[in-house]
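S.K.: Here you go, sequence then predicted model.
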Amino acid sequence: MGGYLAPRSAACDARIKACAFAGGMYDRTRVLNRLEDPFEFARVAHIWKVYDKQKLVDLHSRCTLEGLAPKIRCPLLVVHGDKDFVPVEQAKRIYDEASGPKEWLLLEGGNHVCNNMPFRYRPAIGDFLAKHLAATSS
């Protein structure tokens, strides 16, 4: 859920000084069909602590960055894999609508959150955060 909650948090909390995520989702209604899979339903229900399917669908129907993404003003890194079950257009829309400085990294062959190639996306995120969150010495 970090690919949705990280940009949402960055849009809503000015204390966040930089935001990086992989596998971003602009609108969770785009993956409601995944709740048909019993494992996926159990996983998502556990995350939200909502075990009624209709209530979970209703909750996801309200999970959108519509009107919020432009409020992302901190430095932003969006990482996405071209083999992610989340359509690349979802992450790209977050990137396109964000107002602050931003970087886009699309990894060829990357699955959801690019977990099949952590050696590629984790250093990129680490370097980005180190660059934007580096403490200044006086």
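M.R.: Here it is on my side, so go on. Residues are numbered from 1 along each chain as shown.

S.K.: for the host helix or strand of Phe128, packing partners?
M.R.: Secondary structure from DSSP states H and E places Phe128 in helix 118-133. Counting contacts by 3 or more CB pairs under 8 Å, 6 or more residues apart in numbering; DSSP states H and E, helix 118-133 is packed against strand 19-22, strand 76-81, strand 102-107. For glycine as for every other residue, the C-beta is placed from the backbone atoms N, C-alpha and C.

S.K.: Could you save those as a markdown table and add columns showing mean pLDDT?
M.R.: Below are the helices and strands packed on helix 118-133 laid out as a markdown table (pLDDT from 0 to 100):
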| stretch | mean pLDDT |
| --- | --- |
| strand 19-22 | 97 |
| strand 76-81 | 98 |
| strand 102-107 | 98 |
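
S.K.: Out of these, which gets nearest to Asp52?
M.R.: Nearest to Asp52 among the helices and strands packed on helix 118-133 is strand 19-22; the distance by CB to CB comes to 28.3 Å.
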